[in-house]
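S.K.: Can you look at this prediction? I've put the sequence above it.
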Protein chains: 2
Amino acid sequence: MSKTMPMAPPEYLIGKRAVVEKYIDQFLPDPQTYPQKLHEAIRYSVMAPGKRLRPILTVAAFESCGGSGEEVFHAAVAIECIHTYSLIHDDLPCMDDDDLRRGQPTLHRRYGEAIALLAGDALHDLAFKLMAQTGSPQAVLELAEAIGTSGMLAGQMADMDGEDRQLSLDEVTFIHDHKTGKLIRGSVRIGAILAKAPSSRVEAITVYGEKVGLAFQIIDDILDIEGETATLGKPVGSDSKNHKATYPAVIGLEKSRMVAAGLIEEAIKVIEKAVSYPSPFIQIARYIGGRQH
Amino acid sequence: MSKTMPMAPPEYLIGKRAVVEKYIDQFLPDPQTYPQKLHEAIRYSVMAPGKRLRPILTVAAFESCGGSGEEVFHAAVAIECIHTYSLIHDDLPCMDDDDLRRGQPTLHRRYGEAIALLAGDALHDLAFKLMAQTGSPQAVLELAEAIGTSGMLAGQMADMDGEDRQLSLDEVTFIHDHKTGKLIRGSVRIGAILAKAPSSRVEAITVYGEKVGLAFQIIDDILDIEGETATLGKPVGSDSKNHKATYPAVIGLEKSRMVAAGLIEEAIKVIEKAVSYPSPFIQIARYIGGRQH
């Protein structure tokens, strides 16, 4: 399967990715203004080729709940900034010490450790500035909770705590649900909240986010084993090199594929019932299920 | 002058410090809950003895503008979290590589670099969570702008850019106004904004914040040269060791003292005209002017 051509993203993703990238370009600080080097480093990381899955999920949730207006793009770019900040800090020598990210040298390899630290901090900050510009304190709170010590950072700590020992399925699931899942969950929730969706719909969208979030990370684990460096943009096997917690390491490749496929189908079932225009969500879920990079 | 006893903080500061510290204890994550080690590291840094000047300034601004209610303490603790995050990241080996902070080992010396990085990130995040809990998107925006790449981080970059060369007075002033000044300015502005002060009063309070902020950092420069390690809680001369930009290095000790004293008097003059109950602001300004640690 890994030898077939990568699956092209569906129309919805291609269209929204272009829009999201236009707003990213607009909202990032101008590299002509001081401090230029830091602003350049920020652009180097955020503008590197990416799927933009999280911000697109925010837009999809917003639109599927009848939202209209530009504020959702502030939220969407905020989420991509947070994602990028987490990658930059995660790649640092004191963390994973990675050399390659999104097919190019990691930020600290290119600009040095001090700039990488500060660029991550700057993106963390910019994200909250953009989220505040939506005018919704609730959206700011959702973001903070998704990435704080009961969210993404709990996953990061659990991942570090689990190094150099065999983890249980529950432990790996906890890491995935927090390190990757909480921000994806937050991405869809924030879109729905900004559209003022009723709480029952927010809850259904939350369940969708949790399921595609876990599926996304399990597929990442699988790709890390069977993918090709050129396609994935980071060295194959880098997770197992660092003794990382992965689904295939605990339940094997085949069973991991089945679990991921099951989660995708469950996510689609939930979302079909919850919103009247589920097509974007379904396209994204199927893309996640079939992605090869 | 440096051989006299340290000046005791005035009554207002002592009283408010106790209240602020009660709220810090209440709002920091519980060290009994997962991830315990990260939560412990956060407490180790934030609960270390500190003057709590920034959060007290927020409370003073809020009260002097007729504000009442508990939300200001969310903002005040948020600002102390930001201050602590900036110290933690600033102390890291890839930045200043400092061993001592607030009279105890720096966080990375005590808990390791990875935990220090994440504790800084966690506090950065917690700050925005607490600020969002005030219900004011404007307060969140003010905080983000104070510490972003046109605020604190611009000062950090300018400080790094200026290493190993002699700076002009304008350059040192830019660094101080941004690296230290912007957060102090933001602290008073946020207090006034949360109290719904009219814009003319917010502006006067902003000028006060800018002046005491610059004075605070100039006095820090002076103390770094003449202070004693035991009083200051960090090794004396650590700034000049790292070729740091300081006022005494550019205009000498005596002139630096005069500039600082002048800024304090100007700040008091501005605030006396702007608010009907200026006493807390005056006490704080005089304390900053006379502090020896």
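M.R.: Sure thing, it's come through.

S.K.: what's near enough to touch the residue nearest to A:V212 when sequence neighbours are not counted?
M.R.: The spatially closest residue to A:V212, leaving aside those adjacent along the chain, is A:A267, at 4.9 Å (C-beta to C-beta, 6 or more residues apart in numbering or on different chains). The way it works is simple: take the backbone N, C-alpha and C, and place the C-beta from them, glycine included. The contact partners of A:A267, taken as C-beta atoms under 8 Å, 6 or more residues apart in numbering or on different chains, are A:207-208, A:211-212, A:215, A:281, A:285.

S.K.: Mind checking which of those residues are in helices?
M.R.: Under the assignment DSSP state H, the contacts of A:A267 contribute A:207-208, A:211-212, A:215, A:281, A:285 to helices.

S.K.: Make JSON lines out of the residues you listed and add pLDDT, distance to A:A192 and neighbour count.
M.R.: Formatted as JSON lines, the ones in helices among the contacts of A:A267 follow (pLDDT from 0 to 100; distance: C-beta to C-beta, whole Å; neighbours: other C-beta atoms under 10 Å in any protein chain shown):
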{"residue": "A:V207", "pLDDT": "98", "distance to A:A192": "12", "neighbour count": "17"}
{"residue": "A:Y208", "pLDDT": "98", "distance to A:A192": "10", "neighbour count": "31"}
{"residue": "A:K211", "pLDDT": "98", "distance to A:A192": "15", "neighbour count": "26"}
{"residue": "A:V212", "pLDDT": "98", "distance to A:A192": "14", "neighbour count": "29"}
{"residue": "A:A215", "pLDDT": "98", "distance to A:A192": "19", "neighbour count": "25"}
{"residue": "A:F281", "pLDDT": "96", "distance to A:A192": "11", "neighbour count": "26"}
{"residue": "A:A285", "pLDDT": "97", "distance to A:A192": "16", "neighbour count": "24"}
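
S.K.: Would you format these as TSV with distance to B:A75 included?
M.R.: Shown next, in TSV, are those (distance: C-beta to C-beta, whole Å):
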residue	distance to B:A75
A:V207	34
A:Y208	35
A:K211	37
A:V212	36
A:A215	39
A:F281	37
A:A285	40
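
S.K.: mind checking pLDDT for A:S168?
M.R.: Looking at A:S168, its pLDDT stands at 95.

S.K.: repeat for the one 10 residues further on
M.R.: As summarised for this prediction, A:H178 has a pLDDT of 98.

S.K.: For it, which non-adjacent residue is spatially closest?
M.R.: In space, and not counting its chain neighbours, A:H178 is closest to A:G155: 2.9 Å by C-beta to C-beta, 6+ apart.

S.K.: What about that neighbour, how many residues nearby?
M.R.: The number of residues packed near A:G155 is 24, by other C-beta atoms under 10 Å in any protein chain shown.

S.K.: Kindly confirm whether my reading is correct that it touches A:V172.
M.R.: No - here A:G155 lies out of contact with A:V172, judged by C-beta atoms under 8 Å, at a distance of 10.7 Å.

S.K.: Tell me how far the residue nearest to A:M152 when sequence neighbours are not counted lies from B:D170.
M.R.: Of all residues beyond its chain neighbours, the one nearest A:M152 is A:K182 (5.3 Å), with distances taken as C-beta to C-beta, 6+ apart. Counting by C-beta to C-beta, to the nearest Å, the gap from A:K182 to B:D170 is 45 Å.

S.K.: which of those two has more neighbours?
M.R.: Between A:K182 and B:D170, counting by other C-beta under 10 Å, A:K182 is the more crowded of the two (24 against 9).

S.K.: could you measure the more buried one against chain B, distance?
M.R.: According to C-beta to the nearest C-beta, to the nearest Å, A:K182 and chain B sit 12 Å apart.

S.K.: The residue positioned nearest the centre of chain A: what's it in contact with?
M.R.: Of all residues in chain A, the one closest to the mean position by C-alpha atoms, centre = their mean is A:R54, 5.0 Å from it. Neighbouring residues of A:R54 by C-beta under 8 Å, 6+ apart: A:76, A:79-80, A:83, A:183-184, A:187.

S.K.: If we use 7 Å, what do you get?
M.R.: Contacts for A:R54 were tallied using C-beta atoms under 7 Å, 6 or more residues apart in numbering or on different chains; they are A:79-80, A:83, A:183-184, A:187.

S.K.: which of those residues sit farthest apart?
M.R.: The widest separation within the contacts of A:R54, taken as C-beta to C-beta, falls between A:E80 and A:I184 and amounts to 12.3 Å.

S.K.: quick one, phi psi at A:D164?
M.R.: phi 70, psi 20 (degrees, to the nearest 10).

S.K.: ranges for the strands of the stretch 51-200 of chain A?
M.R.: For the stretch 51-200 of chain A, strands defined by DSSP state E, counting those that start in this stretch occupy the ranges A:100-101, A:104-105.

S.K.: Can you tell me which of those is most buried?
M.R.: Among the strands of the stretch 51-200 of chain A, judged by mean count of other C-beta atoms under 10 Å in any protein chain shown, the one packed with the most neighbours on average is strand A:100-101 (a mean of 19).

S.K.: So what are the sheet partners of it and their directions?
M.R.: Applying DSSP bridges, strand A:100-101 is found paired with strand A:104-105 (antiparallel).

S.K.: Give me the contact list for the partner strand.
M.R.: Strand A:104-105 is contacted from outside by A:48, A:99, using C-beta under 7 Å, 6+ apart.

S.K.: how far does that strand sit from the chain's center?
M.R.: The chain centroid and the centroid of strand A:104-105 are separated by 19 Å, computed with C-alpha atoms, centre = their mean, to the nearest Å.

S.K.: Could you do stretch A:184-194 as well?
M.R.: A distance of 13 Å separates the centroid of the chain from that of stretch A:184-194, by C-alpha atoms, centre = their mean.

S.K.: Now do the nearest residue to A:A61 once chain neighbours are set aside, the pLDDT please.
M.R.: By the measure of C-beta to C-beta, 6+ apart, the closest residue to A:A61 outside its immediate chain neighbours is A:G191, 2.9 Å from it. According to the prediction, A:G191 has pLDDT 98.

S.K.: what does A:G148 give?
M.R.: A:G148 is assigned a predicted lDDT (pLDDT) of 98.

S.K.: Quick check: it touching B:K129?
M.R.: Yes - at 6.4 Å, A:G148 counts as touching B:K129 under the criterion of C-beta atoms under 7 Å.

S.K.: Identify the contacts common to these two.
M.R.: In contact with both A:G148 and B:K129: no residue, using C-beta under 7 Å, 6+ apart.

S.K.: Get me the contact residues on chain A for chain B.
M.R.: Near chain B, the residues belonging to chain A are A:29, A:34-35, A:38-39, A:89, A:92, A:94-95, A:113-114, A:117-118, A:121-122, A:124-126, A:128-129, A:132-133, A:135-137, A:140-141, A:144-145, A:147-149, A:153-154, A:156-157, A:160 when assessed by C-beta under 7 Å from any C-beta of the partner chain.

S.K.: Now which of those would you call buried?
M.R.: When the residues of chain A next to chain B are checked for burial by 16 or more other C-beta atoms under 10 Å in any protein chain shown, the buried set is A:29, A:34-35, A:38-39, A:89, A:92, A:94-95, A:113-114, A:117-118, A:121-122, A:124-126, A:128-129, A:132-133, A:136-137, A:140-141, A:144-145, A:147-149, A:153-154, A:156-157, A:160.

S.K.: How about the contacts made by the nearest residue to the residue nearest to the centre of chain A once chain neighbours are set aside?
M.R.: Nearest-residue entry for A:R54: A:S187, 4.4 Å, with adjacent residues in sequence omitted and distances by C-beta to C-beta, 6+ apart. Contacts were defined as C-beta under 7 Å, 6+ apart; by that measure A:S187 touches A:54, A:57-58, A:79, A:209.

S.K.: Please identify which of those is nearest to chain B.
M.R.: Closest approach between the contacts of A:S187 and chain B, by C-beta to the nearest C-beta: A:I79, at 13.9 Å.

S.K.: Now do the closest one against A:F281, distance only.
M.R.: When C-beta to C-beta is the yardstick, A:I79 and A:F281 sit 16 Å from each other.

S.K.: picking up where we left off before, which of the contacts of A:S187 are buried?
M.R.: In terms of neighbour count (16+ other C-beta under 10 Å), the buried residues within those are A:54, A:57-58, A:79, A:209.
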